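S.K.: I'd like to go over a predicted model; first the sequence, then the structure.
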Amino acid sequence: MTISVESMKNNRHYDYVIAGGGLAGLSLAYAMVHTPVLKDKKIIIIDRQPKQQNDRTWSFWTRQSTRFDHIIYKTWKKIDFFSNYLQKRFELVHYRYATIRGIDFYREVYHKLNQCSNVHFAFGEIIDIGQREEIAYARTHSDIFYGTYLFNSLFQPELYDPYQKGYHYIRQHFKGYLIHTPEPFFDSSAVTMFDFRTEQKDGVYFFYILPYREDCALVEYTGFSRELLDEQVYDAQLQKYIRSQLQLTDYQIKETEFASIPMTDYPFCTRQGRIVYIGVQGGGSKPSTGYAFMRIQKQVEKIVKNLQTKGTPFYKPDFRPQFGFYDAMLLNIMHREGWKVEKIFSEMFRKNPIERIFRFLDEESSIVEDFLIMASVPPLPFLESIVNLLVGRKPIKRYRN
Ligand SMILES: Cc1cc2nc3c(=O)[nH]c(=O)nc-3n(C[C@H](O)[C@H](O)[C@H](O)COP(=O)(O)OP(=O)(O)OC[C@H]3O[C@@H](n4cnc5c(N)ncnc54)[C@H](O)[C@@H]3O)c2cc1C
């Protein structure tokens with residue numbers, strides 16, 4: 001179908017079209033309506049359907065306040081680490097570890113946006129995104145929406161061709177049980193961030209526990225590997241861990257969660273003409289950990305700041321190349337010999353204060369701290385990675401104009 005520029009201008013024209021109303025799209029709209037110079041802009045958010053389920057829980061560490069502090073479900077100041085090499089509890093001083101339930105986030109953002117007559121929602125499958133001259137558009141089966149700028153958060157794995165260019169594409173896959181116990185059982189003051197006491201085969205495998213209360217916790221079995229496992233393996237592993245490691249027999253599973261998210265060092269494109277990529281699709285997920293909540297909030301704040309000060313949303317992602325290299329080294333190890341990661345993480349957590357590790361993972365550490373972290377891990381797997389990266393990689397352009 002040919003679209004005339006005139007019809008674009010007259011018909012359904014918005015200042016900002018937001019493709020995908022998940023974490024990034026909704027965070028962006030929420031930040032916009034809280035920003036005086038943007039709060040009256042005409043915005044449309046397009047998604048398949050309204051969010052009515054608690055489809056995920058976002059956990060993150062931070063030492064700053066966020067726009068969503070008032071809907072945080074729980075925070076912790078203690079972190080547990082377990083492996084066959086190390087058992088250690090860390091106390092957080094400047095940081096907190098926090099969780100926001102998806103449903104609380106969706107309700108809060110919908111509530112705020114529904115009060116703004118300039119913000120609209122459309123529901124349907126987006127089948128095409130593009131631009132012509134000075135206008136970007138998103139098309140569903142029944143409509144087409146035009147915008148001065150379009151923010152695209154639809155993750156398209158087919159855009160990435162990592163293996164052939166020496167990049168990595170690993171899946172982070174996990175199944176979680178929200179379990180209730182009739183008697184108090186969990187230590188609700190501490191998150192188990194890693195419990196590696198499980199078989200490490202063709203990838204990295206660990207358990208993760210978020211104890212919401214003494215009688216209620218989310219227990220997850222997580223893998224970082226090239227392939228997913230058979231469905232029954234997740235259940236078998238969870239049941240074995242709960243029974244044998246936690247020594248818990250009397251419990252009820254109230255909810256389950258399953259997901260597979262990308263972990264890749266492929267350089268994401270952040271911009272193409274009037275289209276700005278946001279969320280995971282804009283590189284909002286930390287390649288070596290999959291944590292995305294705070295990175296996406298930072299991405300959103302940069303876009304809003306640029307719109308406010310320069311009138312355009314284009315921002316330069318923070319680019320401290322050493323962190324891209326550290327991520328790539330770790331992904332390379334996960335890709336080749338994931339079972340070594342238990343030892344690597346154990347040494348890292350043994351020899352470094354956890355807040356230094358958090359700064360490192362947030363890409364906010366100093367050169368000295370980077371050195372201390374790198375000096376704390378077994379060197380051999382990293383040396384092999386360096387060789388692999390130097391000989392295997394081909395440069396890729398980050399921006400497409
Ligand atoms: C179960 C789960 C738990 C996670 N837990 C954490 C965590 O604890 N901490 C953390 O930091 N990160 C976590 N993540 C990773 C990351 O934070 C989330 O994936 C986050 O939701 C990414 O935000 P996004 O906006 O990029 O994508 P999404 O939130 O997935 O939003 C994309 C939106 O686009 C819509 N969409 C896609 N295609 C189309 C289409 N063709 N037409 C119309 N709409 C479309 C989808 O319906 C969706 O609403 C988790 C991810 C999952 C899946």
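M.R.: Sure thing, it's come through.
S.K.: do you know how far the residue of the stretch 251-400 of the chain found nearest the ligand is from Ile367?
M.R.: Proximity of the stretch 251-400 of the chain to the ligand (C-beta to the nearest ligand atom) peaks at Gly279, 2.3 Å away. All C-beta spots, glycine's among them, are computed from the backbone N, C-alpha and C. Remark: distance between Gly279 and Ile367 (C-beta to C-beta, to the nearest Å) = 30 Å.
S.K.: count the neighbours of the residue of the stretch 251-400 of the chain closest to the ligand for me.
M.R.: Gly279 has 25 neighbours, counted by other C-beta atoms under 10 Å.
S.K.: so what's the nearest residue to it once chain neighbours are set aside up against?
M.R.: Leaving out its chain neighbours, the residue that sits closest to Gly279 by C-beta to C-beta, 6 or more residues apart in numbering is Ala24, at 2.9 Å. By C-beta atoms under 8 Å, 6 or more residues apart in numbering, the contact set of Ala24 is 151, 153, 278-282, 284, 296, 299-300.
S.K.: give me the buried entries from the residues you listed.
M.R.: 151, 153, 278-282, 284, 296, 299-300 (16 or more other C-beta atoms under 10 Å).
S.K.: the residue of the stretch 251-400 of the chain closest to the ligand is in contact with Ser153, isn't it?
M.R.: Yes: counting by C-beta atoms under 8 Å, Ser153 is a contact partner of Gly279 at 3.7 Å.
S.K.: identify the contacts common to those two.
M.R.: 20, 22, 24-25.
S.K.: out of the residues you listed, who's the most crowded?
M.R.: The most crowded member of the shared contacts of Gly279 and Ser153, judged by other C-beta under 10 Å, is Ala24 (28 neighbours).
S.K.: around the ligand, pick out the residues from this protein.
M.R.: Residues of the chain lying near the ligand by C-beta under 6 Å from any ligand atom: 20-25, 46-48, 56-60, 125-126, 153-154, 257, 259, 261, 279-280, 284, 291-293, 296.
S.K.: low pLDDT regions in the stretch 1-150 of the chain?
M.R.: 1-11 (pLDDT under 70).
S.K.: and the residue of it that's closest to the ligand?
M.R.: Closest point on the stretch 1-150 of the chain to the ligand, by C-beta to the nearest ligand atom, is Gly22, at 1.9 Å.
S.K.: how many other residues sit next to Phe68?
M.R.: 18.
S.K.: my bad, Gly311
M.R.: Neighbour count for Gly311, taken as other C-beta under 10 Å: 9.
S.K.: how about the residue positioned nearest the centre of the chain: what's its closest non-neighbour residue?
M.R.: Nearest to the geometric centre of the chain sits Ala292, at 2.3 Å (C-alpha atoms, centre = their mean). Leaving aside its sequence neighbours, Ala292 sits nearest to Ser285 (C-beta to C-beta, 6+ apart; 4.0 Å).
S.K.: tell me which of the shared contacts of Gly279 and Ser153 fall in strands.
M.R.: Using DSSP state E, no member of the shared contacts of Gly279 and Ser153 sits in strands.
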